[in-house]
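>>> here is my input, please return the structure:
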Amino acid sequence: AVFDLGRPGAIWQFHLNMTRKPLDDIRVRRAIAHALDQKVWFQAFGDFVSPAYGIAPPGYYGALGADDVPKEADWPYAYNPERSKKLLAEAGFPNGFDIDVFVTEREEYKSNLLIIQELLRKDV
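All right, here's what the predicted structure looks like:
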């Protein structure tokens, strides 16, 4: 038997408002990126998750692969909680910070934000 199935055609993005403090400091944004362990999404959602290197989901027209990202881009950010804490200290937040976050009530979005919230609470 041959099973032909499709994967969900979605991409979840986490947007940061760079006009609001402290997100206007690139060190804070990089600290957030280094505090997010992408393996957690694989554990939570299984093989439905794959890394995205651009705004188009993998397998879609215009999607980028790892080889499309210039080596000097310092991206994707590797999970590195110590680097995250160092960047926050350099930015003037050695004990972290609080920030309001807005998200829809749709479960698939809310669950991702809860993962992010827990990772940031733990490492940042």
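>>> which SS class is residue 15?
coil (DSSP: H, G, I helix; E, B strand; the rest coil).
>>> now do the phi/psi pair for it.
The phi/psi pair for residue 15 (degrees, to the nearest 10) reads phi -100, psi 140.
>>> in terms of pLDDT, where does it sit?
Residue 15 carries a pLDDT value of 85.
>>> and it, how close does it get to residue 109?
Per C-beta to C-beta, to the nearest Å, residue 15 is found 12 Å from residue 109. From N, CA and C alone the C-beta is placed, and that goes for glycine too.
>>> who's in contact with residue 62?
54, 55, 56 (C-beta atoms under 8 Å, 6 or more residues apart in numbering).
>>> let's go with 6 Å and repeat that
Listed by C-beta atoms under 6 Å, 6 or more residues apart in numbering, the contact partners of residue 62 are residue 56.
>>> Three-state assignment for residue 72, please.
From three-state DSSP, the assignment for residue 72 is helix.
>>> how many residues are close by it?
The tally of other residues near residue 72 (other C-beta atoms under 10 Å) stands at 6.
>>> numbering from 48 from now on, please.
New numbering, starting at 48: the last item is residue 119.
>>> check the gap between it and residue 60 for me.
23 Å.
>>> what segments of this protein are helices?
73-82, 86-92, 128-137, 154-170 (DSSP state H).
>>> which strands and helices sit next to the first one?
It refers to helix 73-82. helix 128-137, helix 154-170 (3 or more C-beta pairs under 6 Å, 6 or more residues apart in numbering; DSSP states H and E).
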